[in-house]
Structures are given as structure tokens and as C-alpha cells.
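[1] coords please:
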Amino acid sequence: MSEEQYERTAGVAGALDAIEETVTAARSMPMSSSVIVSRPELLALVAQVREALPAQLDAADEVIADADAARAAAQEQAQAVLAAAQEQAQALVEADAVAVAARERAAQIVQQAQAEADELRREADDYCDRRLAEFEIDLGKVLSQVQAGRAKLAGRLGPTL
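    Modelled structure (predicted):
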């Protein structure tokens with residue numbers, strides 16, 4: 001096989017093309033569909049295929065391994081992103097639940113404080129009313145005493161007044 005033919009047949013596909021070309025261009029046997037091919041040339045092409053095939057299979061294995069590694073890395077990254085998203089969603093749900101619970105508790109505290117303030121106001125008003133009633137009674141007694149004292153004094157002073 002010439003140098004030009006060898007360069008043309010580099011790799012498995014080129015070697016198979018060269019084999020096909022050799023068989024196609026071979027001389028036919030008279031009165032037969034058989035052809036005459038150069039055994040050394042054809043064996044050299046088959047050897048070339050055998051030589052190129054392991055290298056190309058190794059290259060294909062490397063490509064497959066790289067693709068598998070890329071897929072595994074992408075899958076791992078996707079799982080990490082998904083886990084982070086789930087954690088963030090859970091944190092938001094918890095934060096919202098905490099905020100809702102805090103608002104509810106705050107409303108309960110305000111309602112309870114309002115009820116206690118109303119009760120204290122009623123108690124204070126009741127206390128003031130009782131104290132004023134006692135004061136009214138005391139004033140009534142004082143008024144009676146003042147009136148009695150004035151009447152006694154008027155009786156001593158006589159009709160001059």
C-alpha cells in the first residue's frame with residue numbers, strides 16, 4: 001500500500017473505505033462474479049482496521065466515561081439545588097407559621113390586656129362610687145350635726161336672728 005493510500009485510510013472508517021474501494025476496483029474473473037484482489041494489500045487494510053479499532057474504542061470509552069461523569073455531576077448538582085430549595089421553602093413555611101403564631105399570640109395578649117384594663121376600670125369606678133357614697137353619708141351626718149348645732153345656737157341667741 002502506498003503512503004498516499006495509507007494517509008487516506010487513517011482510522012477505522014478510512015480503512016473500511018479503502019477495503020471497499022479495493023474490492024470495487026479489483027479485476028473480475030472472466031465469466032464469474034469473483035474478483036482478484038491483492039492479498040497483501042487487503043491484509044494490510046484489515047490490520048490497519050485492527051490497529052485503529054482499539055484506539056477508537058478507547059476514545060469512545062473515554063467519551064462515555066466523561067459523559068457519565070458529567071451526568072453524575074449534573075445529577076448531584078441538581079439534587080443539591082433541590083435540597084437547598086426544599087430547605088428554603090421549609091424555612092419560609094416555618095417563618096410564616098411563626099409569624100402567624102406570633103400575630104395570633106399578640107392578638108390574644110392585647111385582648112387579655114384590654115379585658116384586664118376594663119376590669120380594673122370597673123373596679124376603680126366601683127371603689128370610687130363606694131368611697132363617694134361613704135363620703136356622702138359622712139357629709140349627711142356632718143350636715144345634720146351642723147344643722148343641730150345651728151338650731152341649738154339659734155335657741156340660745158333667741159329670736160334676734
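[2] Any stretches of the chain with poor pLDDT?
    Applying pLDDT under 70 to the chain picks out residues 1-10, 159-161.
[3] For it, which segments count as helices?
    3-8, 11-25, 39-157 (DSSP state H).
[4] Out of the ones you listed, which is closest to S33?
    Taking Cβ to Cβ, helix 11-25 is the member of these nearest to S33, at 11.8 Å. Where C-beta positions appear, they are placed from N, C-alpha and C, glycine not excepted.
[5] Just list what that closest one packs against, helices and strands only.
    Packing partners of helix 11-25 (3 or more Cβ pairs under 8 Å, 6 or more residues apart in numbering; DSSP states H and E): helix 3-8, helix 39-157.
[6] quick one, which of these is nearest to D17?
    Of all those, it is helix 3-8 that lies closest to D17, at 7.9 Å by Cβ to Cβ.
[7] mind checking how far stretch 52-65 is from the chain centre?
    Distance, stretch centre to chain centre, for stretch 52-65: 41 Å (Cα atoms, centre = their mean, to the nearest Å).
[8] Flag every buried residue along it.
    For stretch 52-65, a neighbour-count test (16 or more other Cβ atoms under 10 Å) marks A52 as buried.
[9] residue contacts, the residue nearest the centre of the chain?
    Residue closest to the average C-alpha location in the chain (Cα atoms, centre = their mean): A85, at 2.4 Å. If a contact means Cβ atoms under 8 Å, 6 or more residues apart in numbering, then A85 has no contacts.
[10] roughly how far apart are it and Q79?
    11 Å (Cβ to Cβ, to the nearest Å).
[11] Can you say which of the helices and strands packed on helix 11-25 is nearest to I19?
    Once the helices and strands packed on helix 11-25 are compared by Cβ to Cβ, helix 39-157 is nearest, at 4.8 Å.
[12] That closest one relative to helix 11-25, how many degrees between them?
    140 degrees (axes from the mean of the first three to the mean of the last three Cα atoms, to 10 degrees).
[13] Give me the distance from helix 39-157 to the chain's centre.
    A distance of 17 Å separates the centroid of the chain from that of helix 39-157, by Cα atoms, centre = their mean.
[14] Stretch 15-34 too?
    Relative to its chain's centre, stretch 15-34 lies at 67 Å (Cα atoms, centre = their mean).
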